[in-house]
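1. 3D model of this:
(one chain, ligands or ions: 1)
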Amino acid sequence: MDTVKAPTIPQTKQDKGEYTNNTAAILVDHVFLSFGPKQVLKDITWSVPSGQITTLIGPNGCGKSTLLKAMIGHNTISEGSIYIQNEPLSSYTNKSLAQYMAFLPQVPDMPRDMTVEELVYCGRFPYQAWWKNTAQEDRLAVDEALEITKTSHLREQLIPSLSGGERQRVWIAMALAQQPQLLVLDEPTTYLDINHQFEIMELLKRLNETKGLTVLMVLHELNLAAQYSHHIGVMQEGRLVTTGSAQEVITESLLHDIFYVRSTIETVDEHVYVKIKGLCD
Ligand SMILES: Nc1ncnc2c1ncn2[C@@H]1O[C@H](COP(=O)(O)OP(=O)(O)OP(=O)(O)O)[C@@H](O)[C@H]1O
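-> Okay, here's the model as predicted:
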């Protein structure tokens, strides 16, 4: 590992002592990213706290997926630095990174002729080596992942035959078989009905609470983001415009300025509920 350590990033929340660099799962330091002449990420500095659920929100095309992929090394940044657990991202091998984090893209490639069990076994790839027999550990990890995601009964079923909700749980099972400390998901509730959206959120919450899994995701549904996130980052036109708890971040004026909608925000027992009334005039 490289000896370069992550810098101290003065952000409002960190200044308040709410979390520190020591607990940063990922730290983004003055990151810029361009695709050809198009600058998509503009001077982003952010710390994703370990052991928490962090969500990135923002309008279509503002750069959320691009930032997410940059944070896990799938997009090459033009300027700035990214640190994973205080070590430069560049000091990780693909394998060591895959043992630390699992990534679920927005639309994962769908293997046509694989069963659920075979797919979940793919999550064990980072642990395989020719000199090691990991069969027993692999089986335990796969069984546990299937059990946690309530997909054991689907073991023998082919992936294309699953419903949207089942498929999403199976992808999460594959990610869990990877035994990551950090799970990164790009819009995990897309295409799911409201019941299955909550089911996925409850699963992530349970994993966070019982296994200490750090979760970083992109969500469009503001009520889910508000209800399930400890920490929220808001993007607009390639910039991270604000970060904080749902109560701090999700306000009527923010929804007006960022999404151009009129809303009412209600807080009940410290939970934030968003009611969208319509477009701004
Ligand atoms: N590989 C690429 N090459 C060129 N432009 C890209 C590439 N990937 C993303 N972009 C552009 O970068 C901008 C941000 O895209 P990104 O997917 O990060 O937005 P997003 O906030 O995740 O959007 P959405 O909410 O619609 O998924 C868009 O204008 C997109 O066209």
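2. where in the chain is pLDDT low?
-> 1-22, 129-132 (pLDDT under 70).
3. How about the residues of it by the ligand?
-> Neighbours of the ligand within the chain, by C-beta under 6 Å from any ligand atom: 35, 38, 40, 58, 60-66. (C-beta placed from N, C-alpha, C; glycine too.)
4. Try it again at 5 Å.
-> By C-beta under 5 Å from any ligand atom, the residues of the chain that approach the ligand are 35, 40, 60-66.
5. quick check: domain ranges of the protein?
-> 12-250, 251-281 (automatic domain parsing).
6. Out of these, which is the most enclosed?
-> Across those, the average number of neighbours (mean count of other C-beta atoms under 10 Å) peaks for domain 12-250, which reaches a mean of 18.
7. Do you have the strands of this protein handy? List them.
-> Taking DSSP state E as the test, the strands found in the chain are 24-35, 38-49, 53-57, 79-84, 87-88, 101-104, 182-186, 214-218, 231-236, 239-244, 261-268, 271-279.
8. The fifth one - contacts with which helices or strands?
-> Strand 87-88 sits against no helix or strand, with contacts defined as 3 or more C-beta pairs under 8 Å, 6 or more residues apart in numbering; DSSP states H and E.
9. shift numbering so it begins at 49
-> With the count now opening at 49, the last piece we talked about shows up as strand 135-136.
10. show me what contacts the residue lying closest to residue 82 once chain neighbours are set aside?
-> Residue nearest to residue 82 in three dimensions, not counting chain neighbours: residue 126, with 5.0 Å by C-beta to C-beta, 6 or more residues apart in numbering. Taking C-beta atoms under 8 Å, 6 or more residues apart in numbering, we find residue 126 in contact with 80-82, 87.
11. Residue 271 contacts residue 324, doesn't it?
-> No: here residue 271 does not reach residue 324: they are 9.6 Å apart, not a contact under C-beta atoms under 8 Å.
12. any common contacting residues for these two?
-> By C-beta under 8 Å, 6+ apart, no residue touches both residue 271 and residue 324.
13. Tell me what residue 149 is bridged to.
-> residue 230 (DSSP bridges).
14. In this structure it contacts residue 122, no?
-> No: if you go by C-beta under 8 Å, residue 149 and residue 122 don't touch, sitting 11.1 Å apart.
15. so who does the closest residue to residue 254 other than its chain neighbours touch?
-> Using C-beta to C-beta, 6+ apart and skipping the chain neighbours, the partner closest in space to residue 254 is residue 196 (7.8 Å). Residue 196 makes contacts with 221, 224, 251, 254-255, as judged by C-beta under 8 Å, 6+ apart.
16. of all the contacts of residue 126, which comes closest to residue 165?
-> Of all the contacts of residue 126, residue 165 sits closest to residue 81, with 37.6 Å by C-beta to C-beta.
17. The closest one reaches residue 119, doesn't it?
-> No: with contact defined as C-beta under 8 Å, residue 81 does not count as touching residue 119 (10.7 Å).
18. Residue 79 and the ligand: what is the separation?
-> In this view, residue 79 and the ligand are 13 Å apart by C-beta to the nearest ligand atom, to the nearest Å.
19. what's the answer for residue 318, then?
-> In terms of C-beta to the nearest ligand atom, residue 318 sits 28 Å off from the ligand.
20. I'd assumed residue 293 was in contact with that residue.
-> No: contact criterion C-beta under 8 Å: residue 318 and residue 293 do not qualify, at 9.1 Å.
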